[in-house]
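Asks: coords please:
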Amino acid sequence: MMGISSVPSMILSAKKIWKLHSLLAKNNSNVPKGYFAVYVGEIQKKRFVVPVSYLKHPSFQDLLRYAEEEFGFHHPTGGLTIPCKEDVFINLTAKLHLQR
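Replies: Down below sits the predicted model:
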């Protein structure tokens with residue numbers, strides 16, 4: 001059972017996810033409904049399209065927190081940028097896909 005003290009944390013997380021969702025909705029042309037585009041890479045960025053359902057997975061949320069610390073919510077590519085190695089991102093999304 002969650003305590004009252006975890007409610008503010010949940011509200012803050014929900015606000016961040018909503019802000020992220022708004023950013024994604026504005027910047028995703030040619031992306032199917034239920035998906036969003038991200039740019040992944042440390043130097044050269046590659047575009048990936050992933051299901052919105054990944055947003056609720058703790059490991060993907062950790063990656064998003066890291067991206068927020070690195071870039072904030074203003075992304076130079078016009079979309080969400082995740083500053084990690086491409087193979088790390090592919091491994092993570094492959095695991096999330098198997099959990100669906």
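
Asks: tell me which residues in stretch 55-69 are buried?
Replies: Within stretch 55-69, the residues scored as buried using 16 or more other C-beta atoms under 10 Å are 57, 60, 63-64, 67. For glycine as for every other residue, the C-beta is placed from the backbone atoms N, C-alpha and C.

Asks: Strands of the chain, start to end?
Replies: All strands of the chain, identified by DSSP state E, fall at 35-40, 46-51, 80-82.

Asks: Flag whichever of the buried residues of stretch 55-69 scores worst on pLDDT.
Replies: In terms of pLDDT, Ala67 ranks lowest among those, with 81.

Asks: distance of that residue from Lys33?
Replies: 23 Å (C-beta to C-beta, to the nearest Å).

Asks: Quick check: Val31 touching Arg47?
Replies: No - Val31 is beyond contact range of Arg47, at 9.7 Å (criterion: C-beta atoms under 8 Å).

Asks: which phi and psi does the nearest residue to Glu70 once chain neighbours are set aside have?
Replies: Excluding the flanking residues, the one nearest Glu70 by C-beta to C-beta, 6 or more residues apart in numbering is Pro83, at 4.8 Å. Note on Pro83: backbone dihedrals following degrees, to the nearest 10 are phi -80, psi 70.

Asks: follow-up on the earlier one: which of the buried residues of stretch 55-69 lies at the shortest distance from Ile43?
Replies: Distances from Ile43 to these, taken as C-beta to C-beta, are shortest for Ala67 (15.3 Å).
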